[in-house]
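*Asks:* just to be clear, the model below is a prediction. Sequence and coordinates:
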Amino acid sequence: MDLRKFVRDIPDFPQKGVLFRDITPLLKDEEAFEFAVKEMSKPFKEEKIDIVVGIEARGLILAAPIAFYIGAGFVPIRKPGKLPWKTQRKEYELEYGMAILEIHEDAINKNDRVLIVDDVLATGGTAKAAADLVEQLGGEVVGFDFLIELIDFKAKEILKKYTLFSLLKL
């Protein structure tokens, strides 16, 4: 299935000079969404993953069904102030500014095998911040799972010590 036709390019969002990859058409289409989840799950189905971490916002949408499909638990990593319990936080750089991610202190157990899921890999800053949070809590990052990798950003260099899977390379 050609998933590229379900990704809408939106120039100058969230700010001028940024080309946003909108996956809402893919999420709306039952067959495309199911195909994407199954294909993103395949590389990690036999890896004995304990926890699938989803990064806010669109990574949460993909991570939960992937966790279900591979037989793992699901944990959200969110923007500040969105989680109701004690959290660990990590500040990091985006391609257009600074941001912060948080995870519950008790979300990951020591030696949990963790898969981190997000919709788009661009500079790698968000993904690296998520890995740092998982590792701070004692988890082992087994890999990263992305719907889209923006190859012009060369984020693989930042994440070179990890296994990466990207369903689409744009």
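*Replies:* That came through, no problem. Note that the structure is predicted; figures quoted are calculated from it, not measured.
*Asks:* residues in contact with the residue nearest the centre of the chain?
*Replies:* In the chain, the centroid-proximal residue (CA atoms, centre = their mean) is residue 118; its distance is 1.8 Å. Counting by CB atoms under 8 Å, 6 or more residues apart in numbering, residue 118 touches 54-55, 58-59, 62, 126-127, 130, 144-147. Glycine gets a C-beta too; all of them are placed from N, C-alpha and C.
*Asks:* mind putting these into CSV with secondary structure, distance to residue 68 and neighbour count?
*Replies:* Formatted as CSV, the contacts of residue 118 follow (DSSP: H, G, I helix; E, B strand; the rest coil; distance: CB to CB, whole Å; neighbours: other CB atoms under 10 Å):
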residue, secondary structure, distance to residue 68, neighbour count
54, strand, 12, 27
55, strand, 17, 26
58, helix, 17, 20
59, helix, 15, 26
62, helix, 11, 27
126, helix, 23, 25
127, helix, 22, 26
130, helix, 20, 26
144, strand, 19, 27
145, strand, 14, 30
146, strand, 18, 24
147, strand, 17, 27
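*Asks:* out of those residues, the closest to residue 12 would be?
*Replies:* Closest to residue 12 out of the contacts of residue 118 is residue 58 (19.0 Å), distances taken as CB to CB.
*Asks:* so the closest one versus residue 67, what's the distance?
*Replies:* Distance, residue 58 to residue 67, by CB to CB, to the nearest Å: 15 Å.
*Asks:* need the three-state assignment for residue 83.
*Replies:* Assigned by DSSP: H, G, I helix; E, B strand; the rest coil, the conformation of residue 83 is coil.
*Asks:* that older thread, hang on, the residue nearest to the centre of the chain in a strand?
*Replies:* Yes. Counting by three-state DSSP, residue 118 falls inside a strand.
*Asks:* the helices in the protein, which residues?
*Replies:* Along the chain, the stretches classed as helices by DSSP state H are 24-28, 30-41, 58-70, 125-136.
*Asks:* any weak-confidence spans in this structure?
*Replies:* Along the chain, segments meeting pLDDT under 70 span 95-96.
*Asks:* ok so, going back, distance to residue 1 for the contacts of residue 118 - can I get that in JSON lines?
*Replies:* Formatted as JSON lines, the contacts of residue 118 follow (distance: CB to CB, whole Å):
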{"residue": "54", "distance to residue 1": "23"}
{"residue": "55", "distance to residue 1": "24"}
{"residue": "58", "distance to residue 1": "19"}
{"residue": "59", "distance to residue 1": "21"}
{"residue": "62", "distance to residue 1": "16"}
{"residue": "126", "distance to residue 1": "27"}
{"residue": "127", "distance to residue 1": "25"}
{"residue": "130", "distance to residue 1": "28"}
{"residue": "144", "distance to residue 1": "22"}
{"residue": "145", "distance to residue 1": "18"}
{"residue": "146", "distance to residue 1": "17"}
{"residue": "147", "distance to residue 1": "13"}
